[in-house]
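Student: Build the 3D model from these lines:
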Amino acid sequence: MSARAPRVGAPIWNVGVSCLGSLVVLSTCCIVGLLVFGASLEAVLIGGVLAVIVAPLYAVFLLWLDPLEHEPPWLLLIALLWGAGVGTLVGGFSTLALDVIARGLFGASEAISDAASTVIFAPVTEELAKGAFLLFLFAFARHEFDDVVDGIVYGGLVGLGFAVVEDFSYYLMTLAEEGLAATGVLFVIRGLLTGFGHPFYTALTGLGCGLARSTRSVSLRVLAPIGGLAAAMFFHALWNGLAVATAATENVVLGLVVLVGYPFGILLPGALTLTIVAVVAARRRRRDVRRYLEEAVREGLAQSDDLDTLTRPWRRRGRQFRVLMTSGWRAFWLRRRLDIALVDWAYRRWHQARGDRLPRYLAAFESEALEMRIRRWRTELDRLQTARVS
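Tutor: Numbers count the residues shown, from 1 in each chain. Next comes the predicted model:
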């Protein structure tokens, strides 16, 4: 009888993820329902298409930053839906609450309170609401949050989900009030020129959390997430402030400067900086993974060809495709699971070498549990491939 990996605490993890998934789905349905209530079918279709048409490009870019490790698709989807549902719902109502407080307690005029909501309240509440998902990963799902690359990817997807829903609401409003031509202009501004804004902001929070996850410095573990969140709020407030100033002055020249300067002076360099950080971190982690895979080869857990194949995404996909063509779907599934588990095992060994142990409810994701699954899957894969040859 083959040994089975321990499942200590797995029900707690499964229940927690199920509750989190239910929360993001319900909140997303709630916010979308609020937006489409009373809107015409034509407006919903046009606004929906404009809101999502460029989102896949940003998602592909973010996922491209992490070629080495397979992040669970369901967790990536939850990140996207968290931004779309929880982020917009909590951020929006929190901003509204602060606006009401500002008017009631301080007697602020409508113009001042609106400006404060846009420039101060919204960046703070929205970035906190989006960043809460990264805090969840950092605190309760450490096995899926290894370094700055994971932080950038998950943070960017949370921001992307938020941007899609927020853009959708603006498109619906503009279609109803100003027509299709004005909505097209808004799409150029929000979808094309500044479409990477929210992913960039929340990716900065993720970058800070990733630094805290991968460092041994106690002070950096505290300061890095705070710094990342502060940077996200700053750049968010900067864009909102420029937009408010442009609308207030109705200065065409200022508007053109903002529309050109912010995307190409802030967002593009920001995306390039995130790319450089992610690529450098991924290369460093590739060396670490290879080092521990060498250990796995010595222990008989991995094969010698895994050293180059698993650290080169295209080779890994090529081998998986060859297994599919020669040995069928079951062998392909086993090969893919083996590749993912071996990289995860190397990551866990790296963390363990630095003194990091997962909590009891995540024991099924520790290196010892992964090793048992790897050996079981490899035995089954070898049996399938031997049967095919014979």
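Student: now stretch 300-311, how far from the centre of its chain.
Tutor: Taking C-alpha atoms, centre = their mean, to the nearest Å, the mean C-alpha location of stretch 300-311 is offset from the chain mean by 28 Å.
Student: tell me which residues of it are tucked away?
Tutor: 301, 302, 306, 307, 309, 310, 311 (16 or more other C-beta atoms under 10 Å). In this view, the C-beta of every residue, glycine as well, is placed from N, C-alpha and C.
Student: mean confidence for stretch 176-194?
Tutor: Mean pLDDT, stretch 176-194: 95.
Student: Straight-line length of that stretch, end to end?
Tutor: For stretch 176-194, the separation between the terminal residues is 22 Å (C-alpha to C-alpha, to the nearest Å).
Student: Quick check: buried residues in that stretch?
Tutor: Here stretch 176-194 shows 183, 186, 187, 189, 190, 191, 193, 194 as buried, counting by 16+ other C-beta under 10 Å.
Student: So what touches it?
Tutor: Contact with stretch 176-194 is made by 39, 43, 46-47, 50-51, 53-54, 167, 170-171, 174-175, 239, 259, 262-263, 267, as judged by C-beta atoms under 8 Å, 6 or more residues apart in numbering.
Student: Kindly report the same for stretch 100-120.
Tutor: 95, 96, 98, 99, 121, 237, 240, 241, 243, 244, 248.
Student: in terms of contact, does the fourth one touch residue 93 like I think?
Tutor: Just to be clear, that refers to residue 99. No. Between residue 99 and residue 93 there is no contact under C-beta atoms under 8 Å: 10.5 Å.
Student: These two: which has the busier surroundings?
Tutor: residue 99 (19 against 12; other C-beta atoms under 10 Å).
Student: and the helix or strand where that one lies, which residues are buried?
Tutor: Per DSSP states H and E, residue 99 falls inside helix 88-106. By neighbour count on 16+ other C-beta under 10 Å, the buried set for helix 88-106 is 88, 89, 90, 91, 92, 94, 95, 98, 99, 102, 103.
Student: again with stretch 293-301
Tutor: Buried, per 16+ other C-beta under 10 Å, within stretch 293-301: 293, 296, 301.
Student: next one: stretch 375-390
Tutor: Here stretch 375-390 shows 375, 377, 378, 381, 384, 385 as buried, counting by 16+ other C-beta under 10 Å.
Student: For those residues, give me JSON lines that also has distance to residue 130.
Tutor: Converted to JSON lines, those look like this (distance: C-beta to C-beta, whole Å):
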{"residue": "375", "distance to residue 130": "40"}
{"residue": "377", "distance to residue 130": "37"}
{"residue": "378", "distance to residue 130": "40"}
{"residue": "381", "distance to residue 130": "40"}
{"residue": "384", "distance to residue 130": "44"}
{"residue": "385", "distance to residue 130": "45"}
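Student: how near is residue 261 to residue 275?
Tutor: 21 Å (C-beta to C-beta, to the nearest Å).
Student: Please apply the same query to residue 210.
Tutor: 14 Å.
Student: neighbour-wise, which of these two wins?
Tutor: residue 210 (31 against 14).
Student: quick one: the more buried one and residue 153 touch, right?
Tutor: No. Contact between residue 210 and residue 153 fails when scored by C-beta under 8 Å: they sit 9.3 Å apart.
Student: Show me the buried residues of stretch 300-311 that map onto helices.
Tutor: Among the buried residues of stretch 300-311, the residues falling in helices (DSSP state H) are 306, 307, 309.
Student: still on that earlier bit, can you put the buried residues of stretch 293-301 in CSV and add distance to residue 117 and pLDDT?
Tutor: Listed next are these as CSV, based on distance: C-beta to C-beta, whole Å; pLDDT from 0 to 100:
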residue, distance to residue 117, pLDDT
293, 52, 93
296, 54, 93
301, 56, 92
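Student: any chance of those residues in TSV, with distance to residue 64 too?
Tutor: Listed next are the buried residues of stretch 293-301 as TSV, based on distance: C-beta to C-beta, whole Å:
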residue	distance to residue 64
293	23
296	27
301	29
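Student: Tell me where the protein is predicted with low confidence.
Tutor: 1-11, 108, 389-390 (pLDDT under 70).
Student: Report the central residue of it.
Tutor: Of all residues in the chain, the one closest to the mean position by C-alpha atoms, centre = their mean is residue 154, 1.8 Å from it.
Student: Excluding sequence neighbours, find me the nearest residue to that residue.
Tutor: Excluding the flanking residues, the one nearest residue 154 by C-beta to C-beta, 6 or more residues apart in numbering is residue 79, at 5.0 Å.
Student: Confirm for me that the one you found is in contact with residue 159.
Tutor: No. At 9.4 Å, residue 79 does not count as touching residue 159 under the criterion of C-beta under 8 Å.
Student: neighbour count winner among these two?
Tutor: The neighbour comparison of residue 79 against residue 159 (other C-beta under 10 Å) goes to residue 159, with 33 against 29.
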